[in-house]
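> Need the 3D shape of this:
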Amino acid sequence: MSPILISDLYKYLALAVMLLAILFGYRKGRDVVSVSSQSLAWTQVPLIAFAIASIGPSAFAIVIYLGYKFGLIQPEPSGYSFSIFIRELPFDFAVINWGFVVLYLTCRLWPNFGSARSAMWLSVVAMSLPNVFLFSLAWEMVSNAFGVGQGIGVIMARISLPIIMIIWPGTYPSIFDAGFGIGFVISALMAPIPFLGLIGWLVGQLIGWTANFLRKAIVRS
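Okay, here's the model as predicted:
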């Protein structure tokens, strides 16, 4: 698992950096709107997705807990409880989904870069897919079954590990164990969520460039 998720200090520092990035992007976006009168409402989509991915699993766990409490859902024989995971995991999920913050900042700073809007949508969809696994943890958050915490940790580790280690498990370059140096940076960039987000962004830009090229070709002809 990522060292940031293990250390509370590094985790909260990462959250503070993301908050500062959001505030910076919001301020810069307001300057763009005041100068060009261009609406940047669409750039809020990554933040909405970020909030859903971070808080959504715990909110779903609360719904399940209430369902157990009021007899709407049959609990497992092991029982259920309002565990500490419901309160703490949103911070971990926010760190795992840092790619949404980078996407938001990119769209706010360079809203006219290529086909930024279509690229943003594809990137958001791509980064949202792995979060399905985080939502599946909601059932574990309210379970009293033995080893629940270990199961949650395994899923989170899978989502935060470099994608090359997921595709080809086993022996991997020692650079991924390089702590908070270059190995940490490479591991963070190659984690599934930001990696898929980058692919979605590039594909969106390629589609937009191709569409513009074909449109200009038709006009010239």
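
> is it true that residue 145 lies in a helix?
No. Per DSSP: H, G, I helix; E, B strand; the rest coil, residue 145 lies outside any helix segment and is coil.

> Look up phi and psi at the residue nearest the centre of the chain.
Computing the C-alpha centroid of the chain and ranking residues by C-alpha atoms, centre = their mean puts residue 97 first, at 2.3 Å. Phi and psi for residue 97, reported as degrees, to the nearest 10, are phi -100, psi 30.

> Could you check the pLDDT of it?
Looking at residue 97, its pLDDT stands at 95.

> quick one: it from residue 89, how far?
The gap separating residue 97 from residue 89 is 12 Å, by C-beta to C-beta, to the nearest Å. C-betas here are computed from N, CA, C, even on glycine.

> Pretty sure the residue nearest to the centre of the chain sits against residue 131.
Yes. Using C-beta atoms under 8 Å, residue 97 is in contact with residue 131, at 7.1 Å.

> now the strands for this structure?
Counting by DSSP state E, one finds no strands in the chain.

> can you list the weak-confidence ranges in it?
The chain contains residues with pLDDT under 70 at 1-6, 32-37, 164-187, 221.

> can you list residues touching both of residue 97 and residue 131?
Shared contacts of residue 97 and residue 131, defined by C-beta atoms under 8 Å, 6 or more residues apart in numbering, are found at 53, 193.
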